[in-house]
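> Sequence and predicted model, in that order:
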Amino acid sequence: MTTPTPYITLNNGVAMPQLGFGVFQVPDADTAAAVTSALESGYRSIDTAAIYGNEAGVGQALSASGVARDELFVTTKLWNGDQGYDSTLAAFDASLAKLGLDHVDLYLIHWPAPARDTYLDTWRAFEKIHAEGRARAIGVSNFQPAHLQRLIDSSDVVPAVNQVELHPQLQQAELRAFHARHGIATEAWSPLAQGAVLRDPVVTGIADRLGRTPAQVILRWHLQLGNVVIPKSVTPERIRQNIDVFDFALSDADIAAITALDSGTRIGPDPDTFN
């Protein structure tokens, strides 16, 4: 039996599982099966987004799972083209309908899209959604320190989460320090660098010594740093392995060795220019 996933407490008091299941790049037709496998393996946090085109598949799996709603933590995200006050409210309604839910646990602005310059109006809509109880927590994704500071200076609600690209090759130390100062949880997307770090000899050496997979070693590194992680897989065995990371620990030397792999290498877009 997999050890239960620990929770972190967000800055508004909401509890969030520290490890969840992401469905980025999973076709909608395959999503229900993947999410079902994740739920059967013990995941209770599911992360999707409007742009992924698979909210309906997530909702289908959640509905069929028999897992009580209050045991689930569901995240979705607003796409760039829907930013703006009124369009955000309409897009949120559409996401809820596809998910088949009356609320989500976390709603995120997917990108700051600075050239659009609409994320402040968008955040006002998020605050309304939160105040109405239709999102238990609200946050952002891919925001840089300058975007976060502007948001904090212009609003009453500090984002609960910033979900960003974060893995051993892109560790975001400055951003994580900003989060720590402001009580924002750091959530890592692409926590395994889409597999790029799994063949690194440092990682494979630790994995061999501990009798673990390279992915388990990297996920454990994230968890011990305090990050929230959302690994994605459609393979049932890997889905199970990725949550089986709470019955061992990395040494300080292991943590330091992985931390030394930081090269500032991005896999995804640059948040300062992506719109």
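Now that the structure is in, tell me what you want to look at. Note that the coordinates shown come from a computational prediction; the quantities given were computed from them, not determined experimentally.
> T36 and A64 touch, don't they?
Yes - between T36 and A64 there is a contact at 7.1 Å, judged by CB atoms under 8 Å. C-beta: built from backbone N, CA, C; applies to glycine.
> Which one's more surrounded, those two?
When T36 and A64 are compared for neighbours, T36 comes out ahead with 17 against 12, by other CB atoms under 10 Å.
> who's in contact with that one?
61, 64-65 (CB atoms under 8 Å, 6 or more residues apart in numbering).
> Save the residues you listed as TSV, and put in secondary structure and pLDDT too.
TSV is the format used below for the contacts of T36 (DSSP: H, G, I helix; E, B strand; the rest coil; pLDDT from 0 to 100):
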residue	secondary structure	pLDDT
A61	helix	98
A64	helix	97
S65	helix	97
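> so how many other residues sit close to N275?
Count around N275 with other CB under 10 Å applied: 15.
> Contact partners for it?
N275 neighbours (CB under 8 Å, 6+ apart): 80, 111, 113-116.
> Kindly recompute the last result at 6 Å.
By CB atoms under 6 Å, 6 or more residues apart in numbering, N275 lies in contact with 113, 115-116.
> now swap in D247 and tell me
D247 touches T3, counting by CB under 6 Å, 6+ apart.
> That one is in what secondary structure piece?
D247 is part of no helix or strand, with elements assigned from DSSP states H and E.
> same question, D93
D93 belongs to helix 85-99, assigned by DSSP H and E.
> helix or strand right after that helix?
strand 104-109.
> helices or strands next to the helix or strand that that next one is followed by in the packing?
Later in the chain than strand 104-109, the nearest helix or strand by DSSP H and E is helix 119-131. Using 3 or more CB pairs under 6 Å, 6 or more residues apart in numbering; DSSP states H and E, the elements in contact with helix 119-131 are helix 85-99, strand 135-141.
> and the shortest one, C-alpha only, in PDB?
Only the C-alpha atoms of strand 135-141 are listed here, as PDB (Å, rounded to 0.1, in the frame of the first residue of the first chain):
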ATOM      1  CA  ALA A 135     -12.700  28.300  -6.300                       C
ATOM      2  CA  ARG A 136     -11.400  27.400  -2.800                       C
ATOM      3  CA  ALA A 137      -8.000  28.900  -3.700                       C
ATOM      4  CA  ILE A 138      -6.700  31.100  -6.500                       C
ATOM      5  CA  GLY A 139      -3.300  31.500  -7.900                       C
ATOM      6  CA  VAL A 140      -1.100  31.900 -11.000                       C
ATOM      7  CA  SER A 141       1.200  29.900 -13.200                       C
END
